[in-house]
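Visitor: build me a model from this:
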Amino acid sequence: PSQKPVPSVELLDLPINKPEPVQKNEAEHMLKTERVLTGTKNEGQSSAKSLVQEVNAINKGSKLTGNLIITQDLQITGDVEGDITSEEGSNILIKGTCKGNIKTKGGSVEIDGDMSGGDIVAGGYVKITGKFHGGKIQAKEKIHINGEFSGTLESNEIEVGSGAQGKGEIFYKESLSIQKGAKVEGRITRMEMEQKREAEQKEAAKKEEAKMKKGFFSKN
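Guide: Numbers count the residues shown, from 1 in each chain. So this is what the prediction gives:
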């Protein structure tokens with residue numbers, strides 16, 4: 001039997017529409033939320049467990065002016081002018097610059113960049129490997145200094161590393177360690193002794209006030 005001829009197909013040169021580039025939103029550039037995925041996998045198991053953690057990031061080249069309230073960890077490699085309040089145990093890492101106050105309920109604060117013009121009050125620990133030129137650092141757990149600082153340090157435990165240099169007041173409650181090579185100038189006081197002395201001064205002032213009142217009424 002004779003074979004039928006196969007019809008030819010003509011290929012048309014059709015234009016392809018390319019998608020237009022998406023422009024970045026300036027707000028997303030200034031304050032970007034990243035999802036960090038870390039997984040663990042046991043041997044002999046095919047499934048892996050992943051932990052999802054949100055990290056707020058203010059990236060290098062961005063500048064934010066105003067106060068921030070965060071409920072997730074915050075990493076700053078840009079510049080911030082304003083107060084930062086951390087809730088729900090959120091941690092703060094500064095590799096850029098920050099001018100303002102920092103307060104955390106249960107989170108920790110690490111300064112690897114530059115902070116000035118404010119106080120740090122942390123429910124966790126505070127670690128300074130960069131520069132802190134502010135007023136006061138108060139940490140519930142401990143303070144570790146291995147950079148530049150000026151101001152007041154107050155915590156249960158304070159560690160001053162060999163690379164630390166600065167001046168101010170240091171108030172500790174449980175332990176204080178200063179490594180060889182550290183350059184620290186200022187006053188060092190154990191808080192229990194300081195509190196005892198203040199209590200004694202207040203008690204003496206009350207007695208003196210009571211004596212003056214008694215003498216005044218006895219004359220009349």
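Visitor: which intervals of the chain have sub-threshold pLDDT?
Guide: 1-53, 193-200, 214-220 (pLDDT under 70).
Visitor: one more time with 50
Guide: In the predicted model of the chain, residues 8-9, 11-14, 16, 19, 22-52 satisfy pLDDT under 50.
Visitor: show me where it has helices.
Guide: For the chain, applying DSSP state H gives helices covering 26-30, 191-219.
Visitor: give me the buried positions along stretch 139-156.
Guide: Within stretch 139-156, the residues that count as buried by 16 or more other CB atoms under 10 Å are 139-140, 142-155. Backbone N, C-alpha and C define where each C-beta goes, glycine included.
Visitor: could you identify the most distant pair in those?
Guide: Lys140 and Glu148 (23.4 Å; CB to CB).
Visitor: compute the first-to-last residue distance for stretch 98-113.
Guide: Distance across stretch 98-113, first residue to last, is 8 Å (CA to CA, to the nearest Å).
Visitor: buried residues in it?
Guide: Applying 16+ other CB under 10 Å to stretch 98-113 flags 98-104, 107-113 as buried.
Visitor: ok, now stretch 163-179?
Guide: 164-166, 168, 170-172, 176, 178.
Visitor: do the same with stretch 111-123
Guide: 111-115, 118-123.
Visitor: can you give me the end-to-end span of it?
Guide: Start-to-end, stretch 111-123 (CA to CA) is 15 Å.
Visitor: what does that stretch contact?
Guide: Identification of contacts with stretch 111-123 by CB atoms under 8 Å, 6 or more residues apart in numbering yields 76-77, 83, 89, 93-109, 126-141, 147.
Visitor: quick check, Gly124 in contact with Gln138.
Guide: No: counting by CB atoms under 8 Å, Gly124 sits too far from Gln138 to count as a contact (11.6 Å).
Visitor: what is the nearest of the buried residues of stretch 139-156 to Met191?
Guide: For the buried residues of stretch 139-156, the nearest to Met191 is Glu154 (7.3 Å; CB to CB).
Visitor: residues touching that closest one, list them.
Guide: Glu154 touches 136-139, 143, 171-172, 191, counting by CB under 8 Å, 6+ apart.
Visitor: ok, now with 7 Å
Guide: By CB atoms under 7 Å, 6 or more residues apart in numbering, Glu154 lies in contact with 136-138, 171.
Visitor: let's see if you can find the most crowded of these.
Guide: With neighbours taken as other CB atoms under 10 Å, the top of the contacts of Glu154 is Ile137, carrying 27 neighbours.
Visitor: how about that residue, nearest residue that isn't a chain neighbour?
Guide: Ile120 (4.7 Å; CB to CB, 6 or more residues apart in numbering).
Visitor: quick check: beta-bridge partners of that neighbour?
Guide: Bridge pairing for Ile120 (DSSP bridges) gives the partners Ile102, Ile137.
Visitor: distance of it from Glu209?
Guide: Distance, Ile120 to Glu209, by CB to CB, to the nearest Å: 37 Å.
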